[in-house]
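A.B. asks: Sequence and computational prediction follow.
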Amino acid sequence: MSTMPRDTLKPSADCDVVVIGAGFAGIYALWSARQRGLSVRGFESASDVGGTWFWNAYPGARCDVASYSYAYFFRDEFVRDWDWSDVCAPQQEIQRYLRFVAQRCGILDLVTFDTRVSAVHHDEDSGLWTVRTSGGETVVCRYVVLAIGALSNPKAPDIDGVASFKGEAYFTSTWPRDRTVDLRGKRVGVIGTGSSGVQVIPEVAKLAKTVTVFQRTANFVVPTESGPMDPARVEALRKDPQAVRSGLRETYGGNLVTNMGQHRLHDLDQAGQDEALAQAWAGKYIGLAFRDAHLPEANARISEYIRARMQEQVNDPWTAHHLVPWDHPFGGKRPCRSDVYLQTFNEPHVRLIALPETPIVRIVPDGIETTAQKFDLDVIVYATGFDAVSGALFSIDIRGLGGATMRQAWADGPNNYLGTMVHGFPNLFLPSSAMSPSVLSNMATLAEQQIDFIFDSIDWLERNGRPRLQPRQASQVSWREQTLHYAQRRPGALTTKSWYSGANIPGKPRVFMVYCGGFKRYDDICKAELRDGFPGYDIVGDERA
Ligand code: NA7
């Protein structure tokens, strides 16, 4: 038996903070830690920064949130020294931008790349966390920031025979970057018609001999804002980036949107509604134009209008009908944006298969078999989505107080307070997670806001004798109720089968995962916690007590 005094057995911290992930949130977290005088290490499973914008390197991948606000604002130079080529920036450009920021911030040396974190365990005696990596390294720290993204854990395709396919198979979520995928002259099948499918299919159709699209559920597809940046708007951003930064947090979705909430459909007569809808469609802002879009009557009118515009872009009546979503209202699932997707189905070599009518039976070595026929294929592209939010979290063995796992804490679905902390996991922070404005807001604005909140909290802990911070159980219960309250006001949120509520993963608890109370309300609640000394939290070891 060891005779060492107990204290010397306690681990001591190798650094103050470990940041896991080097995407939008991770890069800013690394910079924030260093800026505040904390020692910090970063781990990233990819070979470079970018997160989502590293992995989703499929042809056609681009952001459908405008570059005016899908960017960092924490230092003026990032607004003034970077020129976006398009209002909807392509994936490679966003990844280059993130590398540019990371380089300018001098945080690249802090990150160990090509390294996955396998375990994060809490030691109750010392209050420290031990982080273990796939490379066998162990780092002990006081604070952990899990900047692992919301859509970073690809969903395994739940189809028989996937492994038996002898042709080439690609996932949009892990598209090869080390070589060119050559689709020229090939027979390509694409499974999935969410945002990724809608972007990749027109690009595949440019090269392939035939494209067969296997669609389970049609989605709303509305025009993009793609096009050159408006120099006057860019100039306005560059004048005072910090004012823009604060302004973004005053909005509902963390975006700078012109034309938002111009009308209430309810106030207009039929002709007025037709005109306003046509104007919003042509102006490419139909998703945001109407203040009463969340009310059933207005939502039904908007949904009906978009369905009609979608149908008229497709020549073949059967295909047109099947490309339109009849099963959910506009906004029930994340609308896709494309100016070319629907017209792609007018090309003679592109064919839609409606899986509800003729489901896939299995994947076979040379193609896909449905109940109606066998399709011979050289390539299958899986655009089948993600095990959103909790998938990434559960891919790490996270153990908090009493050895309880995160999986246990989230057994009934996401369970946290303000989206960023979980009871039983002191000093562990989760940006971009569930029950924050998350994927229904501008994730770049959210990354800055949440990392500020997290590091303001850490500052407070450092100044007050380094106690351990964790949300109260009661705060989590009430936060879950508030999240549900706002979800109930969103058309189709609770009735549509979508990844927002875990419905795309068999067995996943059905909980609507996004806080829809708006960015400003969310930011105000976070600020109040900081201002009032964390009333929603337990502070263990607070020396002021
Ligand atoms: P999504 O939006 O989850 O789309 C995945 C698509 O794949 C969707 O059409 C699914 O149909 C389909 N899918 C998934 N599994 C199957 C199987 N087994 N058979 C047939 N079809 C299947 O993921 P994305 O990558 O497109 O977009 C994710 C987010 O990234 C997006 O919302 C933006 O925020 C950016 P389903 O609808 O489940 O019937």
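C.D. replies: In hand now; what should we look at? The structure displayed is predicted, hence computed values, not measured ones.
A.B. asks: Now do the closest residue to Leu355 other than its chain neighbours against Asn315, distance only.
C.D. replies: Distances taken as CB to CB, 6 or more residues apart in numbering place Arg216 nearest to Leu355, at 4.6 Å, with adjacent residues excluded. (Each C-beta comes from the backbone N, C-alpha and C, glycine too.) Separation of Arg216 from Asn315 (CB to CB, to the nearest Å) stands at 23 Å.
A.B. asks: Please report phi then psi for Gly136.
C.D. replies: Taking degrees, to the nearest 10, you get phi 90, psi 10 for the backbone angles of Gly136.
A.B. asks: quick one: it and Trp129, what's the gap?
C.D. replies: Relative to Trp129, and taking CB to CB, Gly136 is found at 17 Å.
A.B. asks: try Thr344
C.D. replies: Using CB to CB, Thr344 is found at 49 Å from Trp129.
A.B. asks: got the residues of the stretch 101-250 of the chain near the ligand?
C.D. replies: By CB under 6 Å from any ligand atom, the residues of the stretch 101-250 of the chain that approach the ligand are 151, 157-159, 172, 191-197, 214, 216-217.
A.B. asks: In strands, which of these fall?
C.D. replies: The strands, defined by DSSP state E, take in Ile191, Phe214 from those.
A.B. asks: Are any of the residues of the stretch 101-250 of the chain next to the ligand buried, and if so which?
C.D. replies: With burial judged by 16 or more other CB atoms under 10 Å, the buried subset of these is 151, 157, 159, 172, 191-197, 214, 216-217.
A.B. asks: Around the ligand, which positions in the stretch 301-450 of the chain sit nearby?
C.D. replies: Arg334, Leu355, Ala383, Thr384, Gly385, Phe386, Val439.
A.B. asks: Quick check: the gap between the second one and Tyr58.
C.D. replies: In other words, Leu355. 21 Å.
A.B. asks: With Ser45 instead?
C.D. replies: 18 Å.
A.B. asks: which stretches of the stretch 301-450 of the chain form helices?
C.D. replies: In the stretch 301-450 of the chain, the segments counted as helices under DSSP state H, counting those that start in this stretch are 317-323, 341-344, 390-394, 406-409, 443-463.
A.B. asks: Equivalent analysis for the stretch 51-200 of the chain, please.
C.D. replies: Going by DSSP H, counting those that start in this stretch, the stretch 51-200 of the chain shows helices at 52-55, 76-80, 91-105, 195-207.
A.B. asks: From the rest of the structure, what touches the longest one?
C.D. replies: Going back to what we said before, that points to helix 91-105. 22-24, 27, 30-31, 48-51, 53-54, 56-58, 61-63, 70-72, 75, 77-78, 82, 84-86, 89, 108 (CB atoms under 8 Å, 6 or more residues apart in numbering).
A.B. asks: now do the shortest one
C.D. replies: The set of residues that contact helix 52-55 without belonging to it, under CB under 8 Å, 6+ apart, is 23-24, 46, 48, 91, 94-95, 98, 149, 151-152, 173-175, 177.
A.B. asks: Between Gly136 and Trp129, point out the one with more neighbours.
C.D. replies: Using other CB atoms under 10 Å as the criterion, Gly136 and Trp129 rank with Trp129 on top: 26 against 8.
A.B. asks: list the contacts for the more buried one?
C.D. replies: Trp129 sits next to Val18, Val120, His121, His122, Asp123, Val140, Cys141, Arg142, Tyr143, Val144, Asn427, Leu428 when contact means CB under 8 Å, 6+ apart.
A.B. asks: Walk me through the domains of the protein.
C.D. replies: By the assignment in automatic domain parsing, the chain contains the domains 12-153+387-467+519-533, 259-333.
A.B. asks: Confidence-wise, which of those domains is weakest overall?
C.D. replies: Among those, domain 259-333 carries the lowest mean pLDDT, at a mean of 93.
A.B. asks: Could you tell me the end-to-end distance of that one?
C.D. replies: From its first residue to its last, domain 259-333 covers 22 Å (CA to CA, to the nearest Å).
A.B. asks: Stretch 362-378: how far from the chain's middle?
C.D. replies: Taking CA atoms, centre = their mean, to the nearest Å, the mean C-alpha location of stretch 362-378 is offset from the chain mean by 32 Å.
A.B. asks: Find the nearest non-adjacent residue to the residue in the stretch 151-300 of the chain that the ligand sits nearest to, please.
C.D. replies: The ligand sits closest to Gly194 of the stretch 151-300 of the chain, with a gap of 2.2 Å, by CB to the nearest ligand atom. Nearest residue to Gly194, sequence neighbours excluded (CB to CB, 6+ apart): Gly385, at 5.6 Å.
A.B. asks: burial count for that neighbour?
C.D. replies: Each residue near Gly385 was counted by other CB under 10 Å, and the total is 22.
A.B. asks: For the remainder of this discussion, apply numbering that starts at 539.
C.D. replies: In the new count, where the first residue is 539, that last one comes out as Gly923.
A.B. asks: Would you confirm that it contacts Ile729?
C.D. replies: No. Gly923 is not in contact with Ile729 according to CB atoms under 8 Å; the separation is 10.2 Å.
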